[in-house]
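Asks: Only the shape, not the letters, is given here:
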């Protein structure tokens with residue numbers, strides 16, 4: 001497996017520099033014409049030009065034409081973040097017949113124009129320095145070969161909720177073998193309930209039963225219930241999932257791809273939060289839906305022997321929390337995010353309540369009504385026509401709940417809609433509209449080194465350009481493991497994850513970037529400092545090797561496990577380790593180029 005071409009190419013280096021306007025994001029601040037003019041005079045730069053949108057088909061064609069017709073053999077593109085369009089420009093080089101790693105992407109949007117809007121001259125000067133550094137790096141760059149890994153044609157899916165089942169079916173129908181792991185004894189997760197779901201008015205259980213039946217009857221899906229995952233090892237194309245089943249038997253299953261569909265938990269208020277647990281008549285929305293489903297009283301809702309005539313629904317419990325206003329759960333951070341689906345869930349439940357018990361008085365206390373989904377606004381309109389009294393509170397204010405001697409509650413809140421009038425409602429029950437929180441998968445997060453957002457959910461690389469992908473190659477996320485979603489969004493995201501898995505395993509080999517550590521056996525002293533510094537098990541090992549006719553102990557890199565972090569480079573005193581594509585010589589030349597500006 002060739003990773004790094006160590007023979008310097010005899011071909012003269014002909015570098016082209018392209019400066020993108022980014023639709024004004026860059027050119028409104030940076031003088032792109034001056035940047036291109038300056039770089040055109042830089043050593044070994046043959047072409048330097050600027051263009052409105054380099055990522056457009058015309059911009060890509062410009063690069064391809066210069067490679068095929070002008071003899072350009074190295075490319076520097078100064079534009080937005082490489083996270084957005086690095087793949088775009090690599091594909092352009094590939095179409096032109098040039099090694100895709102003879103291209104350097106310089107970020108002059110986030111690193112220059114966006115951070116120096118008040119200093120256009122300074123931003124321009126900085127852009128020039130950054131691009132010169134990119135030129136110096138690509139001058140010292142030789143063609144690299146992608147790492148090829150034989151892929152296990154099996155997908156491992158963690159989580160047997162509707163997202164996990166939907167992803168499993170997507171993969172299985174494409175012909176892949178699937179192992180579906182569920183820690184419980186049943187499939188369905190949070191949808192194992194009889195209550196209705198919007199917008200179809202199906203029972204949640206019917207959706208679970210339908211998907212579950214398809215999963216159990218698909219010969220390509222191996223269903224593993226009561227499966228506790230202990231650890232995950234390996235890499236894209238060759239993962240090993242170690243788990244314990246109900247009989248405490250340890251098993252290991254291999255896969256080429258992993259889909260994490262670990263779901264969510266309902267926020268559970270602490271005792272005293274909105275008077276929770278001080279009375280059986282202060283309940284969360286999930287608990288209330290069960291109460292409503294199980295109520296058989298024909299004329300009025302009966303709960304705990306009490307007829308419920310008036311109810312207050314309080315939104316944003318456990319969501320959109322504010323520092324100095326809310327107290328986080330013990331050991332947790334404040335949930336500053338919006339859980340998105342709670343407003344619609346609450347209004348949907350209120351409408352069902354009014355259908356079953358039309359004489360029930362409803363006070364709905366919210367800060368912002370976010371019935372954002374397709375036709376979800378109609379649920380809000382229906383509730384308004386059903387005589388639901390909406391009270392809009394200030395975002396920073398929390399309704400006060402006081403229990404009266406007769407067992408009812410006074411709920412007090414400022415109402416923005418009536419010019420900040422203080423509203424007091426006397427109710428028999430309070431329903432706390434709780435949000436979504438990430439499932440506790442901290443053991444998997446630590447073991448697999450998974451990226452999480454500040455909200456605690458698993459974080460995809462990019463919402464639009466690389467949805468459901470993690471930075472960890474070969475691992476995808478599905479459904480509410482990545483954030484609050486409703487049922488339709490969850491199923492769509494799961495389908496996307498399934499398609500991504502099928503795409504990655506569509507060929508027998510998986511191609512990976514070659515930016516990994518490379519050892520110079522002649523310089524390696526076998527000290528082992530690199531091994532102790534490496535954070536990735538198995539990426540670096542010591543081995544006996546014949547070097548110049550003698551056996552010596554040297555470091556050896558597993559190309560599939562190494563992520564190219566460079567930690568080993570930092571501790572290697574004889575400089576025997578380099579990261580392909582990011583050598584110390586390249587770094588030093590880049591620093592020199594910036595320092596000279």
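Replies: Yep, that arrived. Just so it is clear, the model here is predicted, and its values are computed rather than measured. Residues are numbered from 1 along each chain as shown.
Asks: Can you tell me the strand partners of the helix or strand hosting residue 412 and which way each runs?
Replies: Using DSSP states H and E, the element containing residue 412 is strand 409-415. If you go by DSSP bridges, strand 409-415 pairs up with strand 400-403 (antiparallel), strand 421-427 (antiparallel).
Asks: Among those, which comes closest to residue 352?
Replies: Closest to residue 352 of the strands paired with strand 409-415 is strand 421-427 (Cβ to Cβ; 18.4 Å). Every C-beta, even on glycine, is put in place using the N, C-alpha and C of the backbone.
Asks: between the following helix or strand past the closest one and strand 409-415, how many degrees?
Replies: Once strand 421-427 ends, the next helix or strand along the chain (criterion: DSSP H and E) is strand 429-434. On the basis of axes from the mean of the first three to the mean of the last three Cα atoms, to 10 degrees, strand 429-434 is oriented at 50 degrees to strand 409-415.
Asks: Surely residue 311 touches residue 364?
Replies: No: assessed by Cβ atoms under 8 Å, residue 311 is found out of contact with residue 364, at 9.3 Å.
Asks: can you pull out the helices in this protein?
Replies: With helices called from DSSP state H, the chain shows them at 32-40, 57-70, 82-95, 120-139, 162-173, 204-217, 285-294, 342-356, 377-385, 442-448, 487-504, 529-533, 567-571, 584-596.
Asks: Any chance you could list what contacts the strand holding residue 412?
Replies: 275, 279, 281-282, 312, 314, 363, 365, 391-394, 397, 399-404, 420-430 (Cβ atoms under 8 Å, 6 or more residues apart in numbering).
Asks: Pull out the buried positions in that strand.
Replies: 409, 411, 413, 414, 415 (16 or more other Cβ atoms under 10 Å).
Asks: re earlier: figure out which of the helices of the chain is closest to residue 188.
Replies: helix 204-217 (3.6 Å).
Asks: and the closest one, what other elements does it pack with?
Replies: helix 162-173, strand 196-197, strand 221-225 (3 or more Cβ pairs under 8 Å, 6 or more residues apart in numbering; DSSP states H and E).
Asks: what comes up buried for that helix?
Replies: Buried residues in helix 204-217 (16+ other Cβ under 10 Å): 204, 205, 207, 208, 211, 212, 214, 215.
Asks: okay, the residues you listed in CSV with pLDDT and distance to residue 11 next?
Replies: Shown next, in CSV, are the buried residues of helix 204-217 (pLDDT from 0 to 100; distance: Cβ to Cβ, whole Å):
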residue, pLDDT, distance to residue 11
204, 94, 64
205, 94, 67
207, 95, 61
208, 96, 61
211, 97, 57
212, 97, 60
214, 98, 57
215, 98, 55
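Asks: of all those, which comes closest to residue 547?
Replies: residue 215 (53.8 Å).
Asks: show me the contacts for the closest one.
Replies: Residue 215 sits in contact with 165, 168, 169, 180, 187, 221, 223, where contact means Cβ under 8 Å, 6+ apart.
Asks: Please parse this protein into its domains.
Replies: Listed by automatic domain parsing, the domain ranges of the chain are 1-146, 154-263+439-510, 284-305+314-426, 516-579.
Asks: and residue 589, which of those domains is closest to it?
Replies: Nearest of those (Cβ to Cβ): domain 1-146, 4.0 Å.
Asks: for the record, mean pLDDT for the closest one?
Replies: Domain 1-146 carries an average pLDDT of 93.
Asks: thinking residue 124 is in contact with residue 31, fair?
Replies: Yes: using Cβ under 8 Å, residue 124 is in contact with residue 31, at 4.6 Å.
Asks: Looking at the two, which one has more neighbours?
Replies: Neighbour count, other Cβ atoms under 10 Å: between residue 124 and residue 31, residue 124 has more, with 22 against 19.
Asks: for the contacts of residue 215, which one is nearest residue 267?
Replies: residue 187 (23.6 Å).
Asks: Thought residue 168 was touching that closest one, still the case?
Replies: No: contact between residue 187 and residue 168 fails when scored by Cβ under 8 Å: they sit 10.0 Å apart.
Asks: Any idea how many residues pack against residue 352?
Replies: Neighbours around residue 352, by other Cβ under 10 Å: 17.
Asks: Report the contact partners of it.
Replies: 196, 292.
Asks: and it, how far is that from residue 284?
Replies: 16 Å (Cβ to Cβ, to the nearest Å).
Asks: quick one, what contacts residue 444?
Replies: Applying Cβ under 8 Å, 6+ apart, the residues near residue 444 are 158, 229, 232, 260, 262, 450.
Asks: Highest neighbour count among those residues?
Replies: Neighbour-wise, the contacts of residue 444 (other Cβ under 10 Å) top out at residue 260, 31 neighbours.
Asks: Per-residue pLDDT of that one, please?
Replies: 98.
Asks: No more questions from me, cheers.
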